[in-house]
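Asks: Output the structure for:
(2 chains)
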Amino acid sequence: MFRTRAAGQVMAAPELPPVRRIGIARPWRWLALGWQDMRAAPLASLAHGILAAIGGLVIVWLGSQAWLLLPGALSGFVLVAPILATGLYELSRRRAAGETPTIHHVFAAWRRGTRPLVGLGLLLFACGSAWVAVSALLFKAFVDLSMNSLRDFMYYALAQQGVTLFWLWMLAGALGAALVFALTAVSVPLLLDRRIGLRPALMASARAVGDNPFPMVLWAALIMLATMLSMATLMAGFVISVPLLGHATWHAYRDLLDAQAWPARIEGSEP
Amino acid sequence: MQGTAFGLTEAELAHLGMTWGVGGLIVLMLFIIWSVARESKAGRMGSFVLFFVLAFGMFGFVMKQLIQWVLGIG
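Replies: Numbering: from 1, shown residues only, chains lettered A, B, ... in the order given. Reported below is the predicted structural model:
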């Protein structure tokens, strides 16, 4: 497979971007670099966090007032999330290139860099919806009572049914989460950075994760912890955690994948 | 016996179906993971999935306790 780099110049591109091996403690460095990115463009960064926190509060509100809309809201969230995240990646990318990152870079990324991400968003939406549908089906098959509120549902889901069934369901969810994590860990920054197809990007991310299992488990655990703490603070924690993790993900991508053989997606911004 | 199919009540049948259903889902997930690992030529995807599931399980356990405590149930 050959890709043209410039007029008359032909390069043989590998099937997938080569993966680098990293040490187990590397995720901490990603967080440190992400923190520096936040300080370089605080308003633009925190704006993403505020958007995410508002989204979280809307979801909580739906849970209490119109809880049947909850599955749709959650699935809708994962549709939009990858696109919003590119704003954070672009800020990191610009800072790494020696520029001063601004909110205008964010808007440019949302406008120009995100077409393949619509495909990814739809994929995530489909997976999220499928998961919710299957879980609802399983629940309905077992608990044949009318659910009047979220509290009723939680009561039967968490406290009433057999322990074995709950943990089997949790295992199925964990496997699904592992799959989604592996496919999206570094593919979204890659899709923003380089002109590459969706499938190769997903596979490149999966290989980066599979070749570096222990650092990536640590990274996943840090994300789970940040999410749990953010939710425990009534979504306020997302104002900080979303930008921090977003910027850090850019550095994770830079550490794990070598995508030099692919042309830059946003013209005039090759490193 | 009245109200049974294959000698099981409706509740037992539903429970059996659910358990096999979830089991089938788990097998499907494992297959998809294996398929992705093969296509991406990922080295140690198995190790990753194993420890990820453990971490997720711990996370899920804590969240379950938290939700039950917040909602005052269980």
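Asks: Looking at chain B, which residue is nearest chain A?
Replies: Nearest residue of chain B to chain A, counting by CB to the nearest CB: B:A42, 2.3 Å away. In short, each C-beta sits where N, CA and C put it, glycine included.
Asks: For that residue, which non-adjacent residue is closest in space?
Replies: Leaving aside its sequence neighbours, B:A42 sits nearest to A:G210 (CB to CB, 6 or more residues apart in numbering or on different chains; 2.3 Å).
Asks: the helices in the chain, which residues?
Replies: Picking chain A for this. A:26-40, A:42-65, A:70-96, A:103-112, A:115-142, A:150-154, A:163-184, A:187-193, A:198-211, A:213-232, A:238-256 (DSSP state H).
Asks: um, chain B though
Replies: Using DSSP H, the helices of chain B run over residues B:10-40, B:45-71.
Asks: what sits against A:A53?
Replies: A:M235, A:A236, A:F238, A:V239, A:V242 (CB atoms under 8 Å, 6 or more residues apart in numbering or on different chains).
Asks: no, scratch that, I was asking about A:A252
Replies: A:A252 sits in contact with A:P27, A:W30, A:A185, A:V186, A:P189, A:W219, where contact means CB under 8 Å, 6+ apart.
Asks: how many other residues sit next to the first one?
Replies: Spelled out, that is A:P27. 23 (other CB atoms under 10 Å in any protein chain shown).
Asks: Find me the pLDDT at it, would you?
Replies: With respect to pLDDT, A:P27 has a value of 97.
Asks: tell me which residues of stretch B:27-34 are tucked away?
Replies: Residues B:M29, B:I33 are the ones in stretch B:27-34 that count as buried (16 or more other CB atoms under 10 Å in any protein chain shown).
Asks: what sits up against it?
Replies: Here stretch B:27-34 has contacts from A:A172, A:L175, A:G176, A:A178, A:L179, A:A182, B:M45, B:V49, using CB under 8 Å, 6+ apart.
Asks: of all those, which two lie farthest apart?
Replies: Farthest apart among those by CB to CB are A:A172 and B:M45. That separation is 17.7 Å.
Asks: can you pull the pLDDT of A:L43?
Replies: Looking at A:L43, the pLDDT reads 94.
Asks: Skip the chain neighbours and tell me the closest residue to A:R254.
Replies: Leaving aside its sequence neighbours, A:R254 sits nearest to A:A96 (CB to CB, 6+ apart; 7.3 Å).
Asks: what's the burial count for that neighbour?
Replies: 15.
Asks: quick one: pLDDT of it?
Replies: Looking at A:A96, its pLDDT reads 91.
Asks: Please apply the same query to the one 4 residues further on.
Replies: As summarised for this prediction, A:T100 has a pLDDT of 90.
Asks: Likewise for A:F142?
Replies: pLDDT, A:F142: 63.
Asks: hang on, the earlier thing: which one of the contacts of A:A252 is nearest A:A136?
Replies: Checking those against A:A136 with CB to CB, the nearest one is A:A185 at 28.2 Å.
Asks: Run a quick check on the closest one versus A:A208, I expect a contact.
Replies: Yes. In terms of CB atoms under 8 Å, A:A185 counts as a neighbour of A:A208; the distance is 6.7 Å.
Asks: shaky segments in chain B?
Replies: Chain B contains residues with pLDDT under 70 at B:1-8, B:10-11, B:74.
Asks: can you list the domain ranges for chain B.
Replies: Recorded structural domains for chain B (assignment: automatic domain parsing) are B:1-42, B:44-74.
Asks: weakest of the helices of chain A by average pLDDT?
Replies: Among the helices of chain A, helix A:150-154 scores lowest, with a mean of 72.
Asks: near chain B, anything from that one?
Replies: Yes. Applying CB under 8 Å from any CB of the partner chain, one finds helix A:150-154 in contact with chain B at A:R151, A:M154.
Asks: and that helix, C-alpha only, in CSV?
Replies: Extracted in CSV, the C-alpha atoms of helix A:150-154 (Å, rounded to 0.1, in the frame of the first residue of the first chain):
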residue,chain,number,x,y,z
LEU,A,150,-35.8,5.0,38.9
ARG,A,151,-35.8,4.1,42.6
ASP,A,152,-38.1,1.1,42.0
PHE,A,153,-35.8,0.0,39.1
MET,A,154,-32.7,0.4,41.2
